[in-house]
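Asker: sequence? don't have it. structure:
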């Protein structure tokens, strides 16, 4: 069964627009961790955020913000005032007890100047 | 922060040869390491879980005789792609978990091209 769903395959926006990347997850564990990673063309995974299942507080880091809602099993990621450098593939991931990771299929974000 | 180093970052090999990829945890002891594979424009899929001093656990559909994993120390795991074929061309990335089970860190990845 798929554990992480990123329904948006590709999104294109114009610079300075806000964009939200959706992530829906599925797990039976009460303890789990959710992550967002950025993957530029070079391939390495750039860690953006980790959230544990007991902390539903939303988080803001500069232009990035995350909305975690257990009621809808969602962990959405918003980039405010997008920039060309934000262009990349973004992965949402679930890990149960910091074990193996289940990755979503990724969302490719294209930010055009 | 903790660093996981993966080497080489890129490798091109001839069909039929074997390639070894190393994954090292540089400043922590990793009792468990994970190996993932990512085909072009696809997601990362877990191949196997490697525990120090014991045999790796492979995910369904992954050939254990083709993808040999060794985790001989708490800081090093290796993935050997044996008798490589063009269809093995992929991006391989490792992840290491620290002993306290609070963090997992990813290596930089290895892009394998089999010609």
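Answerer: Good, I have the coordinates. Quantities reported herein were computed from a predicted structural model and do not represent experimental measurements.

Asker: CA atoms for contacts and neighbours, from now on please.
Answerer: Noted.

Asker: Show me where chain A dips below the pLDDT cut-off.
Answerer: Low-confidence segments of chain A (pLDDT under 70): A:1-2, A:98.

Asker: Might you enumerate the residues of it proximal to chain B?
Answerer: By CA under 8 Å from any CA of the partner chain, the residues of chain A that approach chain B are A:43-45, A:97-106.

Asker: And those residues, which of them are buried?
Answerer: A:43-45, A:97-106 (16 or more other CA atoms under 10 Å in any protein chain shown).

Asker: thinking again about what came up before, and the residues of chain A next to chain B, which two are the farthest apart?
Answerer: A:43 and A:97 (25.5 Å; CA to CA).

Asker: From start to finish, how long is stretch A:52-71 in a straight line?
Answerer: The stretch stretch A:52-71 measures 15 Å between its terminal residues, going by CA to CA, to the nearest Å.

Asker: can you pull up the bridge partners for the residue nearest in space to the middle of chain B?
Answerer: With distances taken as CA atoms, centre = their mean, chain B has residue B:35 as the residue nearest its mean C-alpha position (3.8 Å). In this entry, residue B:35 is beta-bridged to residue B:48, residue B:94, by DSSP bridges.

Asker: residues in contact with it?
Answerer: B:46-50, B:79, B:92-95 (CA atoms under 8 Å, 6 or more residues apart in numbering or on different chains).

Asker: Can I get the buried ones among the residues of chain A next to chain B in CSV including secondary structure?
Answerer: CSV is the format used below for these (DSSP: H, G, I helix; E, B strand; the rest coil):
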residue, secondary structure
A:43, coil
A:44, coil
A:45, coil
A:97, coil
A:98, coil
A:99, coil
A:100, coil
A:101, strand
A:102, strand
A:103, strand
A:104, coil
A:105, coil
A:106, coil
